[in-house]
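Engineer: have a look at this fold, sequence not included:
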């Protein structure tokens, strides 16, 4: 049995004790080096898509009536994040949360913007779940989105913006935010579908007797994955619910129906996760039963073999003794009579075990 | 042990990430091809029952005072669903929910109609639980009902409408909706009765020692079924409760007593499900105990046989040795004395095991 | 191991799907055929006790100031129940609940009466718990009580009414209802006392090693009984609490103290049930441990016997070989030396097992 | 294994069904026969301590401004309790609760007094937990306390009253009640400390391998004790909280800080109980593991002994056969070669088991 | 297996029953003898840091506008604590809580100050978790902090005060309190990180088969540690939440964002603890499975060895008998034929076990 678990990335939970609050320390994967700033500025009638080199270039969008979506990929250059924070007047604690990628999903309401942290989930090439943090700041006419690395689930939204498909171009920033969150949540369904399949595979293997030795390792890993996904997804329900309930002026009433729709999806995902959790705990019970059943089978073979042949061997031993006077040894057919007796005993024991249903 | 589980239908959870919200994608069984539109228009004094070919034909019912029930079987033709949506002014997200048959039971309140999704449960020919989604839209003078396929639990209601039996013809659309939901909920009782019987059968088998090898598979399937039924039924409680509490103008006060009655039934069903759930978890414990008891029995047989015959065989072995000088071998009655000693040992060990209650 | 469980009475949960709501279908034991109507009409100064043949005869009590208790035994004749319903103006759903004896304990508040369903528990001759449904309707100056069969826990109350003992004759219908419910609840204590004794007996048996084979059957039956009792009793807490809190005009403030007293008793009963539940789950764990300990003991005997005699037999086998040249066989005291060596080995192994505490 | 559990005292839960409410039935230990009435009357400046023979003697304290504490030991003489009840105008249900010593901890608010029931816990000489019921009635200028038997935890309070130590003499009856409850609650700490030590002892025994056979009995007893203590203590939290929240005119605002302090202590006790509960459930798991580990060890010894000597015995058996022509038997060194081979097999198997880490 | 658990320090829960409330009894480690009083007095423009010999020396700070932080290390000298209490007008119960180091984390609101107790966690040299109590009193322009011993997590804050780094010097006492609590909470992350690593190490050991005998001891210790940490940390959430919600005049609105940040961190820590708890319970299941699997392996070896050689030995025994007439013994090649048969039986059994996958 070889070591199979991938080297885990130790989580750098947070800044060290006592550091000035609002100190920006990037805790994510340092290999994502470059920052990429992408901007969409649109209204019903026009759209301009640009790759900015500097956040200053976004200034011109600020005072217009059009909706602006600025998407930042890569959080390792603290300075530029601070720069963006200044530009959009974000609280230092908000910036700290953006770059601290072990942040729990949360919502913070500030006077002129709404700040959200959530988790984007996907499977990497090795079938491990990757959890990437995405933060959103929703302002009156803008949405800022911050991701750890390039590559996301928003391509369909970019396309809808460009083509003007659907309602998105005609509505405000609150609808854009909805569309972005909705894309993240929709992706959760594929995650839990994969989890469900993994559990069913384990179950089938167990039932068909392909009980691999390392099945308990796989079960433990699956439990860990489910706990990870749970922790990433469950807090989001509360967040969406708060948007739905809390009458924040930035979210218009007509958009609430859409947020409620996300909420319904999240409940559905959560229910599935809890069902999977119950199934996998129950799987371990099954496995224990399977092991015990196997041991029972092994013991039966041992018992049957021993119970049949040990008494017979004893009988043979009796007539292998060297006493000078053992009358049976002299009988002409002594040997054959004994063989006959042994055969009858053999049959008798077989019958006994048959009746006990051990055979 | 052969593969017994029926091929599961992978659930197509939802539209793919990023799709325009309100995109209608039918996720149910594609084999239900045809759409069938059935209409009842009635008041205290008259009733007209028609099979419509086109939803346009229902227009005439719209502005009358009579109550109209339009029942649609078959959700695969997106276009016609959209058509109906337009006619009755349904929100795009409502239409999305109608055709997305993995939807969780829910209620959405809109200004001029109430939208409900719930689950109709029945056993198919192979004794598998089938979950069919039914959606209702309750308007001022109409109820729309959407089902995945033909065949439902509403026949008794159709009959009551035709014959004018009971209160139904004299009351409004809110009472019709109640009657429809009540029919669905009544059917849950037969489902849980069957579940209960299955559990009792398993229990009896276990107690009587017919411990089939695949009993743990059956237990696991039953757990899965219970989780499935739970997920289909439990959210409905909250929904009915909300109708009962939330003073929606479409539901008259005099009908609330009836909705409360449904609520009571749902609580009763839920309690039963939770009891079954506890029973089945407890069954696995019983099963483990049974296995361990059996192993104990097997071990006792082995131990008794070995403990009796191994020492005796040793004794026989002693006198099978070829030493030139073994005095006992020369004794006239050596053989018989030894046989006697062996018999006493045999009796002694029998007595020992008897006293230990292993025999 | 014989089949021991009594034939269970399949519960006829409810009317069939789609039936007209308010359809009266008696779901209890059909053997209780006759209806018996008993009436008490009293105030501080007089009391009249009658056995009515017809509910019409109760009319005269209706408009007087005195309190009337009408007790109906036997619910199988639907017609007469309907008759009573008409007389006292009961809602059709109320009548449905009265005759549907699988109803969950509940309270429904109507404008001029309060309707309660609860469960009377007792052990039958075979020590099985019987659950009989009792329904009450509390009006301004009357209490109706409906029971499945004759025989109840109200005899002491009848006596108090006749003799005028205690406060009962001087107070209103709300106090009479309290007295009736209190009698039912008091009886719960004897039920849980019996349950408690059964659990203690099982525990003692287990600890003293009388581990009967069917102990797990008894445990399972006890679990089932506890779940049954729980389901019958627990909802009542909520009901009494609602009487206590909800200021229903029919229940006077001075009586509330008494209802609160019932509530306290119910909490006490509930706590005991939950403790028994925990004890019995824990009993199964004990049982598993006991089985494992026994198996350990069995294995030790086997191991000791085998480990001692198998090597000795081998030694004997060595000198039973027929090689032409085995020098030891020629030695004068070869046999005695070998016997000595075997004896030392025997002692050595005994000592080894002693030190391991297996002996 | 002898019967160790002390004969349990069957709890006489309550009056028999149907008895007049407010009927006083003493359910405690009938051996506490005598009633003892102790009185303290005090204010800032004076204190008078008396042993009353009759409750009438307390009359003189009633209308003064001083605080009176009347402590009654022994509840078996119903008549005297009734007498006291009359004197202080206590509700019949209150008196019923005082003498029903299986009462759950509770608080009842009456117009001019506050009634509390709580449980005093201590270990008796045999290290069994004894639960004694103490009831308090708090009036404007008096506190009544009722105990089942003499001997309590209030001696320090009596001393403080006599010496005027602390605030107690200068404050009102609400502070006296606080001091009494505080004394009861402080004593809980020593109970849970003992419980904690018992659990640690069991744990240590288990870890060091002194696994006594009756360890599961001890665990079961400990569980039972914890459940008992839990039931006695947990409801008190709610009670103290209600005093703290509910602005009862008899409890002055300045005393609330003290009641909050009791509440904090109760939370601390509760948390400890729950931790012990979790520890003890976990102990059973440990125990199962220990048993299984031991069985493993036993099986290894058996397997090693059998696997080594059974094949060797077979070899010896081969050359013990009496075939006329077995060439090896004629060889000069046949015997020695065979012994050598057997020794090599022996070493080989030893090495095999060593590598498997079974040795 | 040696005793490994460190000698536990018996917790001296509280003062003895009946003691005057507000009696100061130090329950911590008596070896911390000296008291050390450290003071910081600062505002935006200046800072003065002093080591006081007497609390009187702090008097001068009292009526100024500047913020004063007085940190007391060492709680064993009751008199000096009482002195400080008098100076700052602290309630006797507050002083009792300060020196009672087994206090649960709590918050008490008084008219002119806020009192908090919380727990500082760290690992000592032997990798045992140490829980040190820290109490805070927040006044209008001061923060008092009380610690059991010297050495804390506040050095970074002292540094920030001295250098004027960050916002701290410009804000009020409520921000200072936030900074102190934040430092304590930040340190929790390192605690749970270590816990997480310990669990992962255990898991890896288990999976790779290094199943040390004392693994269940380590698991039990880890469970205990997790329960300890849980108890120290979980109540703090409620406390911070109450500061956040309860509009205490001493905490300014602009600081609330910071307290909310602490709250988020605490939720994150709590979630991790609960996940670890679930992981470790699940670990025990894994361990049981591992043990059972090992036993299965042992049994297989035994069964294979016995099943192969016991029948063969029987065969050899047959031909070792001394009957005068056993025809086979006379055959020229009888021996070789038998050896051949035995070899075939051997192969047959090997094949049988191979097919059963036991080999």
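Structural biologist: Yes, it's here. Everything numeric in this text was worked out from a predicted model, so none of it was measured.
Engineer: helix, strand, or coil at the residue of the stretch 201-350 of chain A found nearest chain D?
Structural biologist: Using Cβ to the nearest Cβ, the closest approach of the stretch 201-350 of chain A to chain D is made by residue A:320 at 7.0 Å. The C-beta positions use only the backbone N, C-alpha and C, and glycine is treated the same way. Assigned by DSSP: H, G, I helix; E, B strand; the rest coil, the conformation of residue A:320 is coil.
Engineer: which residues touch it?
Structural biologist: B:316, B:320, C:320, D:320, E:317, E:320-322 (Cβ atoms under 8 Å, 6 or more residues apart in numbering or on different chains).
Engineer: if you set the cut-off to 6 Å instead, what comes out?
Structural biologist: B:320, E:320-321 (Cβ atoms under 6 Å, 6 or more residues apart in numbering or on different chains).
Engineer: let's have these in a markdown table, adding distance to residue D:187.
Structural biologist: Formatted as a markdown table, the contacts of residue A:320 follow (distance: Cβ to Cβ, whole Å):
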| residue | distance to residue D:187 |
| --- | --- |
| B:320 | 76 |
| E:320 | 78 |
| E:321 | 80 |
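Engineer: now those residues as CSV including pLDDT?
Structural biologist: Formatted as CSV, the contacts of residue A:320 follow (pLDDT from 0 to 100):
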residue, pLDDT
B:320, 90
E:320, 90
E:321, 90
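Engineer: what is the nearest of those to chain C?
Structural biologist: The closest of the contacts of residue A:320, once distances to chain C are taken by Cβ to the nearest Cβ, is residue B:320, at 4.3 Å.
Engineer: phi first, then psi, for the closest one.
Structural biologist: The phi and psi values for residue B:320, taken as degrees, to the nearest 10, are phi -100, psi 0.
Engineer: please report the distance of it from residue A:320.
Structural biologist: The gap separating residue B:320 from residue A:320 is 4 Å, by Cβ to Cβ, to the nearest Å.
Engineer: ok, back up a step: tell me the one among the contacts of residue A:320 nearest to residue A:115.
Structural biologist: residue E:320 (90.1 Å; Cβ to Cβ).
Engineer: measure the closest one to residue B:320 for me?
Structural biologist: Distance from residue E:320 to residue B:320, by Cβ to Cβ: 7 Å.
Engineer: ditto for residue A:143
Structural biologist: In terms of Cβ to Cβ, residue A:143 sits 95 Å off from residue B:320.
Engineer: what does residue A:286 give?
Structural biologist: 51 Å.
Engineer: what does residue A:328 give?
Structural biologist: Counting by Cβ to Cβ - residue A:328 and residue B:320 are separated by 15 Å.
Engineer: report the beta-bridge partners for residue A:145.
Structural biologist: Bridge pairing for residue A:145 (DSSP bridges) gives the partners residue A:71, residue A:136.
Engineer: show me what from the stretch 151-300 of chain A comes close to chain E.
Structural biologist: The stretch 151-300 of chain A has residues A:216-217, A:223, A:227, A:231, A:284, A:291, A:295, A:298 near chain E, with proximity defined as Cβ under 6 Å from any Cβ of the partner chain.
Engineer: avg pLDDT for stretch A:71-90?
Structural biologist: For stretch A:71-90, mean pLDDT rounds to 88.
Engineer: and if you look at stretch A:49-62?
Structural biologist: Mean predicted lDDT for stretch A:49-62 stands at 82.
Engineer: may I see the buried residues of it?
Structural biologist: Residues A:55, A:58, A:61 are the ones in stretch A:49-62 that count as buried (16 or more other Cβ atoms under 10 Å in any protein chain shown).
Engineer: can you tell me the helix or strand for the nearest residue in space to the first one that is not next to it in sequence?
Structural biologist: Which is residue A:55. Distances taken as Cβ to Cβ, 6 or more residues apart in numbering or on different chains place residue A:84 nearest to residue A:55, at 4.9 Å, with adjacent residues excluded. If you go by DSSP states H and E, residue A:84 is part of helix A:78-87.
Engineer: helices and strands around that helix, which ones?
Structural biologist: If contacts are counted by 3 or more Cβ pairs under 6 Å, 6 or more residues apart in numbering or on different chains; DSSP states H and E, helix A:78-87 sits against helix A:92-99.
Engineer: any regions of the stretch 101-250 of chain A where pLDDT drops low?
Structural biologist: Residue ranges of the stretch 101-250 of chain A with pLDDT under 70: A:209-213.
Engineer: sec struct for the residue of it found nearest chain B, please.
Structural biologist: Taking Cβ to the nearest Cβ, chain B has its nearest neighbour within the stretch 101-250 of chain A at residue A:156, 2.5 Å off. Counting by three-state DSSP, the backbone at residue A:156 sits in helix.
Engineer: give me the distance between it and residue E:138.
Structural biologist: Residue A:156 is 52 Å from residue E:138, by Cβ to Cβ.
Engineer: neighbour count for those two, which is higher?
Structural biologist: residue E:138 (23 against 17; other Cβ atoms under 10 Å in any protein chain shown).
Engineer: now do the contacts for that one.
Structural biologist: E:114, E:173, E:177, E:250.
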